[in-house]
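**Student:** Quick one: sequence and predicted model below, then my questions.
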2 protein chains.
Amino acid sequence: MFDHTLRDTATRVQALLTDLLQPTPGDDEIARPELLLAAMRHAVLNGGKRLRPFLVVESARLFGGNDTAALRIGAALECLHCYSLVHDDLPAMDDDDLRRGQPTVHIAFDEATAILAGDSLLTFAFDIIAAPETDLSDRAKTALVLALARAAGMGGMAGGQALDLAAEKQAPDEQGIVTLQAMKTGALLRFACEAGPVIADASLEDRQRLRTFGALIGRAFQLADDLLDLTADAATMGKATGKDAGRGKGTLVGLKGQAWAEAELDRLVAEAVALLAPYGARATTLMDAARFIANRKS
Amino acid sequence: MFDHTLRDTATRVQALLTDLLQPTPGDDEIARPELLLAAMRHAVLNGGKRLRPFLVVESARLFGGNDTAALRIGAALECLHCYSLVHDDLPAMDDDDLRRGQPTVHIAFDEATAILAGDSLLTFAFDIIAAPETDLSDRAKTALVLALARAAGMGGMAGGQALDLAAEKQAPDEQGIVTLQAMKTGALLRFACEAGPVIADASLEDRQRLRTFGALIGRAFQLADDLLDLTADAATMGKATGKDAGRGKGTLVGLKGQAWAEAELDRLVAEAVALLAPYGARATTLMDAARFIANRKS
C-alpha cells in the first residue's frame, strides 16, 4: 500500500517535471537554450523515488491542502534537491561520475553546463513556487519561498555541504556531525514536511509539529544512509559507496558504532510516529514514510 | 549630482549587505559556516558601483515606493548579480583570476567554496525578498520572486551564460548575439527597473514602461561593455580585457563596427530617455542613469 502510494506520487511528479522542463519559454523568459535544458532534464528526469515531493504531498493532504498545488511545491523542491546533487557531484566537490546508475551531469555534458544546470534548477524552484499556475495565496507562497531559501541556503543545505567539505580535512566531533547533517540533509526533509501545513494554511501548532517530524525523519534518513554506506555495495546504490569512511569523514555510525545507530534509528522512528498520533489514521501514510526512510535498502 | 546619488545609494547598499551577511544565523537557519560566509562577503562586499540596486531604488522612488524596502530588493538583486560573477569566473567557465582588482573567489578561497558561495548568494536573494523585514505586501513579494527567477534562470541570465559558452565554439549571428546579450546582461537590468513599479504597486502600464526602459539600458550597457573591452586596458577595468575578441566571441561591435556601435548607443539612450518623458523632472535621475551607463569608462 505505502509502496503503491509512493510510486503513484513519483509518477505524477515525473509527469509534472517533464511538463515544466519543456523547450517553449514561459512568460518573461527569452529562450531556453537546448543544451542547458537537456542537462537540467538529465539531472531531474532520472527515475528517483521523489521522496521529498511525496512528503510535501502527504503533509499537505493531512490538513486538506490543495493537492495540485502541493504537487507543484513538491516539484519545486525536487528541482532544488537535484541541483544540489549536480553541484555536489562536480570534480571540485565530491567528484562523482555516477548517480542513480547514470553518468552525472558534468560527465554526460561538461562541467560548465553542470554548474549552470544546477544554478538554473535552483532558480527554477523559486519560479515554480511563485508562478501563477501554483494555486496558493501570496501569503503561502511567500512563506514557502522563505522557508525553502532558509532550508537550502548558507544556514541550511549549502552550508551543510561546506561543513562536509571541511570535515574531510578535520573530522568534526559528535555535535559537529549532528549540525552538519541537520543542515546538509535534514533541512530539506524538514522543509518537505513543514510545507504541507503551510500549503493547507493549517495552524502554527500543526506547522511546528510537522516541522519537528521532518527534523526527526531527516536524522533517521541520514543514519540509514550512513548504515547503507557501510554495508551496501555500489550496484545496489547506483553510486559509489564506502566513500565516507575512505575519506575519513566523520559519521555518527563511525563514531558510535553500528549497534548504537540501529537502535537510535528505531528510537527516531518511534518518536516521529508518536508525534503524529494526535492525527490518528489520517497520518498513517506519513508514519509509514518514517518507517520506510529508516528501512530503505537503497 | 548623479554621481553623488549613485555613491550615496552604494554606501547604503554596502551597509545593508554587511548587516545581512553577519555570522549570527537568522530564524530557521542552523548555523552560518565561517569560511562559506567569508567567501560570500568577499564576493559581495567589494566596492562595486551597485548599479542594479541603484536602479531598483530610483525606479521605486519614481512611483513613491517604500525606500527601505526598495533598498532590500536592491540588496537581494546585488547578491544574485554577485553569485553570477563568482560562477562565471570559475575555471570551468570564463576562468578569471581577477575581479575589480581583487582575486576572484575561487582564487582567494577554493573552487568548491566558490561554487557553494555562489549557490548560497543566489538562494539568499530570494530569502531577502521574502523575509518579514522586507516591508512589502505578499503580493509584491510573490511578483518580485517570480520576476527575479525568470530574469536569472534558464530563460534569462543563466541561459545567457550557457549561450555565451556555446558562442566560443560557434560564433552566433546578429540575432543570436542580441538574444544572448538580452539574456546574459539585459534580463537583470530589466528586472532592476521593473522592480520599482512592483514595489510601489504602480499600474501595469508603468511597470511595462519601466520594463522597456530597463531592456533598452540593458542593451546600452552591453554595447558600452563591448566598446570598453575593445579600448580599455586591464588596469582601468580591474579585470582582464580584450578577452572577447581573443576568444572569437561574437559581439555586435565586432560584427558591425565601432562607429555603428557608438551611434547605436546614442540612439538607445535617446529612446530610453524619451520613454521616461511623461514622468517629467521626477525621472531626471533615471535618465541620467541611462546616460551614465552608456558613457561609463569602467
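**Tutor:** Here it is on my side, so go on.
**Student:** Strands of chain A, residue ranges please.
**Tutor:** Using DSSP state E, the strands of chain A run over residues A:98-99, A:102-103.
**Student:** what's the average pLDDT for the first one?
**Tutor:** This predicted structure assigns strand A:98-99 an average pLDDT of 94.
**Student:** Direction included, what does it pair against?
**Tutor:** Here strand A:98-99 is paired, per DSSP bridges, with strand A:102-103 (antiparallel).
**Student:** Report the distance from the partner strand to the chain centre.
**Tutor:** Put simply, strand A:102-103 sits 19 Å off its chain's centre (CA atoms, centre = their mean, to the nearest Å).
**Student:** Residues in contact with that strand: which ones?
**Tutor:** Residues from elsewhere that reach strand A:102-103 (CB atoms under 8 Å, 6 or more residues apart in numbering or on different chains): A:42, A:46, A:97, A:108, A:238. Quick note: C-beta positions are derived from backbone N, CA and C, even for glycine.
**Student:** Nearest to A:Leu163 among those residues?
**Tutor:** Checking the contacts of strand A:102-103 against A:Leu163 by CB to CB gives A:Asp97 as the nearest, at 24.0 Å.
**Student:** What separation do you get for that closest one and A:Ile107?
**Tutor:** 5 Å (CB to CB, to the nearest Å).
**Student:** And for A:Gln22?
**Tutor:** A:Gln22 is 25 Å from A:Ile107, by CB to CB.
**Student:** Among those two, which residue is more densely surrounded?
**Tutor:** Remark: of A:Gln22 and A:Ile107, A:Ile107 carries more neighbours, 16 against 11, as counted by other CB atoms under 10 Å in any protein chain shown.
**Student:** Any figure for the gap between the more buried one and A:Val145?
**Tutor:** The value you get for A:Ile107 to A:Val145, if CB to CB is used, is 32 Å.
**Student:** just to revisit the earlier point, highest neighbour count among the contacts of strand A:102-103?
**Tutor:** In the contacts of strand A:102-103, the most neighbours by other CB under 10 Å go to A:His42, 21 neighbours.
**Student:** Mind putting the strands of chain A into JSON lines with distance to B:Pro132 and mean neighbour count?
**Tutor:** Below are the strands of chain A laid out as JSON lines (distance: least, CB to CB, whole Å; neighbours: other CB atoms under 10 Å in any protein chain shown):
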{"stretch": "strand A:98-99", "distance to B:Pro132": "37", "mean neighbour count": "19"}
{"stretch": "strand A:102-103", "distance to B:Pro132": "41", "mean neighbour count": "15"}
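**Student:** can you tell which of those strands is closest to A:Leu286?
**Tutor:** Closest among the strands of chain A, once you apply CB to CB, is strand A:98-99, at 27.4 Å.
**Student:** Let me see the backbone angles for whatever residue of the stretch 151-298 of chain A ends up closest to chain B.
**Tutor:** For the stretch 151-298 of chain A, the residue closest to chain B is A:Gly155, as judged by CB to the nearest CB, at 2.4 Å. A:Gly155 adopts backbone torsions of phi -90, psi 10, taken as degrees, to the nearest 10.
**Student:** what number of residues lie near it?
**Tutor:** For A:Gly155, using other CB under 10 Å, the count is 28.
**Student:** just checking, it touches A:Ala182?
**Tutor:** No: at 10.7 Å, A:Gly155 does not count as touching A:Ala182 under the criterion of CB atoms under 8 Å.
**Student:** Show me the longest helix that occurs in chain A.
**Tutor:** Using DSSP state H, we find that the single longest helix of chain A is helix A:204-231.
**Student:** and that one, what does it pack onto?
**Tutor:** helix A:51-61, helix A:174-181, helix A:187-199, helix A:243-246, helix A:252-256, helix A:258-275, helix A:284-295 (3 or more CB pairs under 8 Å, 6 or more residues apart in numbering or on different chains; DSSP states H and E).
**Student:** mind running it again at 7 Å?
**Tutor:** Applying 3 or more CB pairs under 7 Å, 6 or more residues apart in numbering or on different chains; DSSP states H and E, one finds that helix A:204-231 makes contact with helix A:187-199, helix A:252-256, helix A:258-275, helix A:284-295.
**Student:** Over the last one, what's the mean pLDDT, rounded is fine.
**Tutor:** The predicted model gives helix A:284-295 an average pLDDT of 96.
**Student:** That helix versus helix A:204-231: what angle between them?
**Tutor:** Inter-element angle recorded for helix A:284-295 and helix A:204-231: 30 degrees (by axes from the mean of the first three to the mean of the last three CA atoms, to 10 degrees).
**Student:** The third one too?
**Tutor:** Computed with the same axes, to 10 degrees, the direction of helix A:258-275 lies at 160 degrees from that of helix A:204-231.
**Student:** Can you name every helix or strand that helix A:258-275 contacts?
**Tutor:** Where contact means 3+ CB pairs under 7 Å, 6+ apart, helix A:258-275 is packed against helix A:204-231, helix A:284-295.
**Student:** Give me the angle between that helix and helix A:187-199.
**Tutor:** Counting by the same axes, to 10 degrees, helix A:258-275 lies at 10 degrees to helix A:187-199.
**Student:** Now render the contacts of strand A:102-103 as JSON lines, adding distance to chain B.
**Tutor:** Putting the contacts of strand A:102-103 into JSON lines (distance: CB to the nearest CB, whole Å) gives the following:
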{"residue": "A:His42", "distance to chain B": "14"}
{"residue": "A:Asn46", "distance to chain B": "18"}
{"residue": "A:Asp97", "distance to chain B": "16"}
{"residue": "A:Ala108", "distance to chain B": "15"}
{"residue": "A:Gly238", "distance to chain B": "24"}
